[in-house]
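J.: quick one, structure for this:
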Amino acid sequence: SDNFNLLTTSKYQNNKFAIIIQGPIEDKDEFTLETVKIYKKIFPNTRIILSTWNSEKQNTINKFKRENIEILLNEIPKNKGNGNLNLQLKSTYEAINLSKNLKVEYVLKTRTDCRIMKPNTLDYLLSLHESFPVKENDIVDGRLIANSIATCKYRIYGLTDICVFGTLKDIERFFLYEEEQDIIEKYKFPKNKIISETHLKTEILLTARYL
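T.: Next comes the predicted model:
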């Protein structure tokens, strides 16, 4: 982060955005910590929330506390789910609940092993959100915007869960914390978890549930 000198031209007000960084802390080269430091440079007036696990080392957590960001240390669910789905939903949803208390309008959900480098990313995502509105309805506020990484063009329900942007209400609905097996039963998905030759797991299951 000391060598990162790109500047932002963003002028949005306090509490308009929250960035959720979810997952286990990446210690190699202090990747997650350096990501936080870069975000503080290029995303001013933005709530940065690290939502990780209470099993993380205290000396590691102390480094993040010095950055004056929001930190959530969650208890790991006993049932991790296929592809750690239950872990993702738990840590993400706790951060969403905190975002509600902070009264933010939009949420960008990311992961601890990923990093955004473009200074005006939030402006860009908000512009896309406003440029492509949904028809008036009582269900969603707008579109969910995701990146192309892990979004498969020819896979049904192929939207990635690595980086997702939207209004707080829509992000909350997409990442609603329900255990994997409960989702299968509640939404009456096939017990073999197969739809059109596609395995309903992780982000595929989340997208199918959202729709």
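
J.: now do the SS call for the residue nearest to E30 when sequence neighbours are not counted.
T.: Leaving aside its chain neighbours, E30 sits nearest to K63 (7.6 Å; criterion: Cβ to Cβ, 6 or more residues apart in numbering). No exception for glycine: its C-beta is placed from N, CA and C like everyone else's. Here K63 is helix, with the state taken from DSSP: H, G, I helix; E, B strand; the rest coil.

J.: burial of K63, as a residue count?
T.: Per other Cβ atoms under 10 Å, the neighbour tally for K63 reads 14.

J.: M117 too?
T.: Count around M117 with other Cβ under 10 Å applied: 10.

J.: and if you look at the one 10 residues further on?
T.: If you count neighbours by other Cβ under 10 Å, S127 ends up with 11.

J.: which parts of this structure are helices?
T.: Taking DSSP state H as the test, the helices found in the chain are 31-42, 58-65, 85-102, 121-131, 168-174, 180-186, 202-210.

J.: separation between F17 and Y39?
T.: 11 Å (Cβ to Cβ, to the nearest Å).

J.: where do the contact lists of those two overlap?
T.: Shared contacts of F17 and Y39, defined by Cβ atoms under 8 Å, 6 or more residues apart in numbering, comprise T46.

J.: when these two are compared, which one has more neighbours?
T.: F17 (26 against 21).

J.: if I pick the residue nearest the centre of the chain, what's in contact with it?
T.: The chain has K109 as the residue nearest its centroid, 2.0 Å off, counting by Cα atoms, centre = their mean. K109 is in contact with 20, 22, 92, 95, 161, 163-165, 171, 175, counting by Cβ under 8 Å, 6+ apart.

J.: report the beta-bridge partner residues of it.
T.: On the basis of DSSP bridges, K109 takes part in beta bridges with I20, V164.

J.: and L7, what's its pLDDT?
T.: Per-residue pLDDT puts L7 at 87.

J.: find the nearest non-adjacent residue to it, please.
T.: Nearest non-adjacent residue to L7, counting by Cβ to Cβ, 6+ apart: P119, 6.3 Å away.

J.: contact partners for that neighbour?
T.: Applying Cβ under 8 Å, 6+ apart to P119 gives the contacts 6-10, 42.

J.: go again using 7 Å as the cut-off
T.: P119 makes contact with 6-8, 42, according to Cβ atoms under 7 Å, 6 or more residues apart in numbering.

J.: which of those residues count as buried?
T.: Neighbour-count burial (16 or more other Cβ atoms under 10 Å) is assigned, among the contacts of P119, to 8, 42.

J.: make a markdown table from the contacts of P119 and add distance to V140 to it.
T.: Converted to a markdown table, the contacts of P119 look like this (distance: Cβ to Cβ, whole Å):
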| residue | distance to V140 |
| --- | --- |
| L6 | 33 |
| L7 | 34 |
| T8 | 29 |
| I42 | 29 |
